[in-house]
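Q: Pasting the sequence and the predicted coordinates here, then a few questions.
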Amino acid sequence: WFLVKNFIVLVIRLLKGILFGLWHAGLWFIALVRSTPHDRRTLRSTITKQTKSRFSFWFRRFRTLPVSKQLVVLGVAAVIVLVVGGSGTLIYQHFETKRLALSADLVQRITRNHEEAQAKVIYGADADARALLKDAEQLIAQLPARGRREKQERDDLRGLIAATLAELRKELFVTPRLLAPIAEATLAPPRQMGFLPGTLVATSLHTARGIMIDTVTGATREISTPAPLTNAAYENGALVWQKGNQLLTMDKDGATKPIFEQLGAGRDYTIFNKRLYILVPDKEQIIAHAPRADGFAAAGTSWITEETVLPFDAQLVTSDGDLYVFNGSGSVMRFRRGKSINFNFIPIDPSLTSVAQVWTGETTKFLYVLDPTQARLIVFDKEGRLKAQYRADAFPTATDFVIDEKTKRAYVVSNDGVWEFELAHLEQ
């Protein structure tokens, strides 16, 4: 009973001492924050004296005890230290073992997801691979990151998954060269761009002016235009522009000549094999105009020969023999000989939800889509499969582009001017 009583008294005194110490520590901290340098030196001296005094007091009390009781107190203190320390160690080991097991399980699941995703990519199941990698990203977020080793492991796994996702997205981060800077006062954005061999022509939606750019040297030359020119097309060596309801050709000197004057409600047009095709969403139709010596016949015929529903917001059309009709959010319809055929882009990441401009042609294997909202120029093959996503900081304000597959170059016009970069996917 004597030992139990003294043990209880000791525990109570220890708790009181701890609480008393915390209380005074709080008071000292407040005083320290509010004090001047002189006060802090005085406070430090006072704390040191009080600590020594209390230690001396308890040590003297201990020395006044009989030797037998001193031994008992030391034994009880040792037992308390062993019990508390041992219990703390066991509890820590229990939770640490559980945490390490959870971490190992998460790492195993992340690794398995990554390996399965790589296998899915090999077999062309990109959507399944993307889902596995997204799940792996969520698992990585659950990994503990207390120590340096754990943080490094989490960063390594995050980098591994990010690299595989970038490979799956076929992202190519490019640093384009500013071929020709264009001041806003010279040519107000938004801008359009056309192509003649060795020469780019940039125009404005608001200004009756253009800038001709040498694709080799970047040298520029301003030209006057009869009106703001938009919506360029290149066909059989001729650069064609839209001016209101008219179509004009432009030569290398910047001279223009009307070739068609009845675009009417047409929202976009394309030229293929010397024939003009005008997209008229209001009539759910594409109107074809036959060639003639000075341009195209005024009278057109309905090219779509079946009952189909063009999207009311259809705004872009391009052709390689087949006609591809796009709306602004990325939906596409493909037509062959006047009839729609089954065609869709295989979903990509990030999803295609915005289209500013598109291009394809008879001599290319690809469809090019400009998506400024995601700062990218996307390349699909003609089965709708993703081939590349070119990304650059210059692309968020891009409004038009030109592809020259002969020189393996792409040109993008933005608020800053005309940018140039290499088409790496053509090397694959």
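A: Arrived safely, thanks for sending. Numbers count the residues shown, from 1 in each chain.

Q: And what about the nearest residue to residue 260 once chain neighbours are set aside, helix, strand or coil?
A: Spatial nearest neighbour of residue 260, chain neighbours left out: residue 247 (4.1 Å); criterion: CB to CB, 6 or more residues apart in numbering. (C-beta placed from N, C-alpha, C; glycine too.) Here residue 247 is recorded as strand under DSSP: H, G, I helix; E, B strand; the rest coil.

Q: For the stretch 301-428 of the chain, just list every one of the strands.
A: 301-302, 314-319, 323-327, 332-336, 339-341, 357-359, 366-371, 376-381, 386-391, 400-404, 409-413, 417-422 (DSSP state E, counting those that start in this stretch).

Q: Need those strands in a markdown table (columns: distance to residue 176).
A: Below are these laid out as a markdown table (distance: least, CB to CB, whole Å):
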| stretch | distance to residue 176 |
| --- | --- |
| strand 301-302 | 42 |
| strand 314-319 | 23 |
| strand 323-327 | 24 |
| strand 332-336 | 26 |
| strand 339-341 | 35 |
| strand 357-359 | 16 |
| strand 366-371 | 13 |
| strand 376-381 | 10 |
| strand 386-391 | 9 |
| strand 400-404 | 11 |
| strand 409-413 | 7 |
| strand 417-422 | 4 |
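
Q: Including mean neighbour count and mean pLDDT, could those strands go into CSV?
A: Putting these into CSV (neighbours: other CB atoms under 10 Å; pLDDT from 0 to 100) gives the following:
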stretch, mean neighbour count, mean pLDDT
strand 301-302, 13, 95
strand 314-319, 21, 94
strand 323-327, 22, 95
strand 332-336, 18, 95
strand 339-341, 12, 94
strand 357-359, 23, 96
strand 366-371, 23, 97
strand 376-381, 23, 97
strand 386-391, 21, 95
strand 400-404, 22, 96
strand 409-413, 24, 97
strand 417-422, 22, 97
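
Q: tell me the contacts of the closest residue to residue 352 other than its chain neighbours?
A: Distance criterion CB to CB, 6+ apart; nearest residue to residue 352, sequence neighbours excluded, is residue 330 at 3.8 Å. By CB atoms under 8 Å, 6 or more residues apart in numbering, the contact list for residue 330 reads 345, 351-355, 369, 371.

Q: what distance separates the start and the end of stretch 280-292?
A: With CA to CA, to the nearest Å as the measure, stretch 280-292 spans 22 Å from end to end.

Q: Give me the contact list for that stretch.
A: 260, 264-267, 274-279, 296-304, 308-315, 317, 323, 325, 335.

Q: The closest residue to residue 269 other than its chain neighbours - how many residues pack around it?
A: Sequence neighbours aside, residue 278 is the residue nearest to residue 269 in space, at 4.9 Å (criterion: CB to CB, 6+ apart). As a burial measure, residue 278 scores 24 neighbours (other CB atoms under 10 Å).

Q: And residue 278, which helix or strand is it part of?
A: Residue 278 belongs to strand 275-280 when assigned by DSSP states H and E.

Q: pretty sure residue 364 is touching residue 408, no?
A: No - using CB atoms under 8 Å, residue 364 is not in contact with residue 408; the gap is 11.7 Å.

Q: residue ranges with poor pLDDT in the stretch 1-150 of the chain?
A: The model of the stretch 1-150 of the chain has pLDDT under 70 over residues 1-3, 32, 43.

Q: quick one: the strands in it?
A: Ranges of strands within the stretch 1-150 of the chain: none, based on DSSP E, counting those that start in this stretch.

Q: What separation is there between the residue nearest to residue 378 when sequence neighbours are not counted and residue 318?
A: Nearest in space to residue 378, with sequence neighbours left out and distances taken as CB to CB, 6+ apart, is residue 369 at 4.5 Å. Between residue 369 and residue 318 the computed distance is 10 Å (CB to CB, to the nearest Å).

Q: tell me, what's touching those two both at once?
A: Counting by CB under 8 Å, 6+ apart, the common neighbours of residue 369 and residue 318 are 326, 358.

Q: With adjacent residues omitted, what lies nearest to residue 113?
A: Counting by CB to CB, 6+ apart, the residue nearest residue 113 is residue 136, at 4.1 Å.

Q: So what's the residue count around residue 38?
A: Residue 38 has 8 nearby residues by other CB under 10 Å.

Q: Residue 140 too?
A: By the criterion of other CB under 10 Å, residue 140 has 22 neighbours.

Q: measure it to residue 221 for me?
A: Counting by CB to CB, the gap between residue 140 and residue 221 amounts to 54 Å.

Q: Over to residue 110?
A: Residue 110 sits 57 Å away from residue 221, going by CB to CB.

Q: Ok, residue 151 next?
A: Taking CB to CB as the measure, residue 151 falls 56 Å from residue 221.

Q: likewise residue 161?
A: Note on residue 161: its distance to residue 221, by CB to CB, is 49 Å.

Q: Point me to the residue sitting farthest from the middle of this protein.
A: residue 66 (76.9 Å; CA atoms, centre = their mean).

Q: State the phi and psi torsions of that residue.
A: Dihedral pair for residue 66: phi -60, psi 160, per degrees, to the nearest 10.

Q: now the helices for the chain?
A: 2-34, 37-64, 67-122, 126-141, 148-169 (DSSP state H).

Q: quick check: angle from the first one to helix 67-122?
A: When axes from the mean of the first three to the mean of the last three CA atoms, to 10 degrees is applied, the directions of helix 2-34 and helix 67-122 differ by 60 degrees.

Q: The second one now?
A: Inter-element angle recorded for helix 37-64 and helix 67-122: 120 degrees (by the same axes, to 10 degrees).

Q: Show me what helix 37-64 is packed against.
A: helix 2-34, helix 67-122 (3 or more CB pairs under 8 Å, 6 or more residues apart in numbering; DSSP states H and E).

Q: Out of these, indicate the one that is most buried.
A: Looking across the helices and strands packed on helix 37-64 with neighbours counted as mean count of other CB atoms under 10 Å, the highest average goes to helix 67-122: a mean of 13.

Q: Save the helices and strands packed on helix 37-64 as CSV, and put in distance to residue 48 too.
A: CSV is the format used below for the helices and strands packed on helix 37-64 (distance: least, CB to CB, whole Å):
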stretch, distance to residue 48
helix 2-34, 12
helix 67-122, 25
